[in-house]
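got a structure for you, letters missing:
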């Protein structure tokens, strides 16, 4: 699912937002999410941000999206059945879960094995981000979160935990941290096929920032070419004045 074309200007300093975009433009999805998170928590060290459970991370990114772009989200995706484009508009409130995780650890018993596990964080996502084998990536992700596993008094290494127990851990994680796994129900307008589509607020917010940044650089180029002003002066203009200059020179909307 990708961002649509509804792109209001960020409600933050243009120069700071361009700096954030430039610093993270060549990063991975996980690194971009952490860069965005740093804009929401300038007082938190990078390691603390990376250690946040994914649901907490995404809840904070929803807040950041509201602050920068407003709460409206426009997305589109392709129907798996017929290939038609499906578009959906909703509010960030619609994808906020009712309850946030109150703990980062989970205890459960499955197939005679007692497990202590933690919620996944950005380090875990980074470890599997470039893996092409979805099954292997899933197993590595869940096993990374196992802190302790025992059958009676006998310890079991994370690599020896059977798949059925991994599935039980995944279920417990989803129940404990529902914000980490948000899906949207869509129906194709052409063929009527229904689908559950994962929604990633980190990718959504980055797509909005990327679209805005490229448009802003185009605005800077247009105004600088006409008036000879430098980038800092153009970025210091308020969005209304900047747009007025663009209108005067036929530069179009930012």
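Cool, got the structure. Being a predicted model, the structure only gives us computed values, none of them experimental.

Sketch out the low-pLDDT regions of this protein for me.
Counting by pLDDT under 70, the chain has low-confidence residues at 1-12, 98-102, 251-254.

Find the centremost residue of it, please.
Central residue of the chain (C-alpha atoms, centre = their mean): residue 202, 1.4 Å from the mean position.

Return the list of helices and strands in contact with the helix or strand harbouring residue 216.
In the assignment (DSSP states H and E), residue 216 maps to helix 201-227. Helix 201-227 sits against strand 2-3, helix 14-24, helix 29-40, helix 54-69, helix 231-236, helix 239-249, with contacts defined as 3 or more C-beta pairs under 8 Å, 6 or more residues apart in numbering; DSSP states H and E. Yep, even glycine has a C-beta here, placed from its N, CA and C like the rest.

quick one on the thing from earlier: go ahead and confirm the residue nearest to the centre of the chain touches residue 59.
No: using C-beta atoms under 8 Å, residue 202 makes no contact with residue 59, being 11.6 Å away.

Could you tell me how many residues sit around residue 30?
19 (other C-beta atoms under 10 Å).

which residues are in contact with stretch 58-65?
Stretch 58-65 has contacts (C-beta atoms under 8 Å, 6 or more residues apart in numbering) with 33, 36-37, 39-41, 52, 71, 73, 92, 95-96, 100, 179-180, 182, 201-202, 204-205, 208.

my read: residue 74 touches residue 92, true?
No: between residue 74 and residue 92 there is no contact under C-beta under 8 Å: 12.0 Å.

ok so, going back, are any of the contacts of stretch 58-65 buried, and if so which?
Buried by 16 or more other C-beta atoms under 10 Å: 33, 36-37, 39-40, 52, 73, 92, 95-96, 179-180, 182, 201-202, 204-205, 208, out of these.

measure the closest residue to residue 245 other than its chain neighbours to residue 238 for me?
With C-beta to C-beta, 6 or more residues apart in numbering as the criterion, residue 245 has its nearest non-adjacent residue at 5.3 Å, and that residue is residue 223. As judged by C-beta to C-beta, to the nearest Å, residue 223 and residue 238 stand 13 Å apart.

of these two, who's got more company?
For residue 223 versus residue 238, the count of surrounding residues by other C-beta under 10 Å is larger for residue 223: 21 against 10.

Would you mind stating the distance between the more buried one and residue 18?
15 Å.

just residue 41 next, same as before
From residue 41 to residue 18 the distance is 20 Å (C-beta to C-beta).

and residue 195, bridged to which residues?
For residue 195, the beta-bridge assignment (DSSP bridges) gives partners residue 186.

So it versus residue 88, what's the distance?
11 Å.

Give me the common contacts of these two.
residue 186.

Isn't residue 224 up against residue 237?
No: if you go by C-beta under 8 Å, residue 224 and residue 237 don't touch, sitting 11.8 Å apart.

and residue 117, what element?
According to DSSP H and E, residue 117 maps onto strand 113-118.
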